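K.L.:
Predicted model and sequence follow; I will ask about them next.
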Amino acid sequence: MVLDRSGGGVQDRLFSDLPEFLRPGDILVLNDARVFPARIRCVRSDTGGKAEIFLLRKIAGRVWKVLLRPGRYCRRGIVLSAPGGLAATVTEELGNGRALVSFTPEEDLDRTLRTVGSVPLPPYIRRPADSLDEERYQTVYADVEGAVAAPTAGLHFTREMLRRLGESGIENRTVTLKVGPGTFEPLRREVLKDNSLDCEEYHVPEETLESLRAVRRSGGRIVSVGTTAARVLETVDMNMKGPLSGETSLFIFPPYRFGNVDALLTNFHLPGSSLIALVAAFAGLEPVMSAYRRAVKLGYRFYSYGDAMLIV
């Protein structure tokens, strides 16, 4: 679906038509984060009850920040056992299901975690991940490991499409946002501004910054592929000397004014999510709701493995 912000027009097209809506001098900004096998199914050692460890970030050595499900397992001292002789002891409670855990044994820990972990599909996909997901739940340009969710707007791209766009004078550059589980979580507070997002690591190479500044000077458009790339672009000052790295918890919702994004390619998102709030901020609440009603009526597919919307 193509939504024109200036005139409010909507077109139903194929993704292969994307080059028709971009022009020479535009630049695509891609989030090159790579999903890693972050979901570990385990049991509570004392009761045998089922549990799940969701790896978030390696802190040091054998200590990881994790999301535990059910959240009541976040109590200090609880031990969770996983396949391959792996065990995790909760060492610190961080709130909202987050905790620090210490894994044993430490020997070959990274390899063990990869072996026992699985692709962390979104919770609305109610089946275990399989070998096909290991390939499909990854963009063709994924490079920097550390995300627990794919930047799903990029799943539509093939190498052939990127080549076609390049031949048409539409370059692409990368940023990295290591997407966390917060992308799946609903906004829990009724007043938008009372909600917040978890911090996520970002990186913007100097090459990307130079290209973005050149596009601004030439009058081209910065096209963000996905809400994750958009959050990075809106976090940084493009005039600063790079590379730029840090953490962002930027929560974008109406009436936010975008400074670094001119067009947005995104999927159709869950109601009540931070993602749809960002899209509504970019295109306007009523145009987005109207487009979503049209999408439902016409049978568009929603969420991670669904269809795409281009907002220009």
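P.N.:
Ah, there it is. Numbers count the residues shown, from 1 in each chain.

K.L.:
Pull the number of nearby residues for the residue lying closest to residue 278 once chain neighbours are set aside.
P.N.:
For residue 278, ignoring the flanking residues on the chain, the nearest one in space by C-beta to C-beta, 6 or more residues apart in numbering is residue 252 at 4.4 Å. C-beta here means a position set from N, CA and C on the backbone, and glycine is covered the same way. The local packing of residue 252 (other C-beta atoms under 10 Å) involves 22 other residues.

K.L.:
How about residue 11?
P.N.:
If we define neighbours as other C-beta under 10 Å, then residue 11 has 12 of them.

K.L.:
The one 10 residues further on too?
P.N.:
By the criterion of other C-beta under 10 Å, residue 21 has 16 neighbours.

K.L.:
Phi and psi next, for it.
P.N.:
phi -100, psi 0 (degrees, to the nearest 10).

K.L.:
Now do the contacts for it.
P.N.:
By C-beta atoms under 8 Å, 6 or more residues apart in numbering, residue 21 lies in contact with 2, 310, 312.

K.L.:
I'd like the distance between it and residue 269.
P.N.:
To residue 269, residue 21 is 20 Å away according to C-beta to C-beta, to the nearest Å.

K.L.:
same question, residue 61
P.N.:
In terms of C-beta to C-beta, residue 61 sits 37 Å off from residue 269.

K.L.:
and what of residue 92?
P.N.:
Residue 92 is 33 Å from residue 269, by C-beta to C-beta.

K.L.:
Residue 217 sits in which helix or strand?
P.N.:
Using DSSP states H and E, residue 217 sits in helix 206-218.

K.L.:
in its sheet, what does the helix or strand just after that helix sit against?
P.N.:
The helix or strand immediately downstream of helix 206-218 is strand 222-225, counting by DSSP H and E. For strand 222-225, the pairing partners within the sheet under DSSP bridges are strand 27-31 (parallel), strand 263-267 (parallel).

K.L.:
can you give me how far the first one is from the chain middle?
P.N.:
What that stands for is strand 27-31. 14 Å (C-alpha atoms, centre = their mean, to the nearest Å).

K.L.:
next helix or strand past it?
P.N.:
strand 33-35.

K.L.:
strands paired with that next one, and their directions?
P.N.:
Counting by DSSP bridges, strand 33-35 is paired with strand 144-147 (parallel).

K.L.:
in the strand it pairs with, what's buried?
P.N.:
144, 146, 147 (16 or more other C-beta atoms under 10 Å).

K.L.:
how about the last one, what does it touch?
P.N.:
It refers to residue 147. 33, 34, 35, 36, 177, 178, 179, 180.
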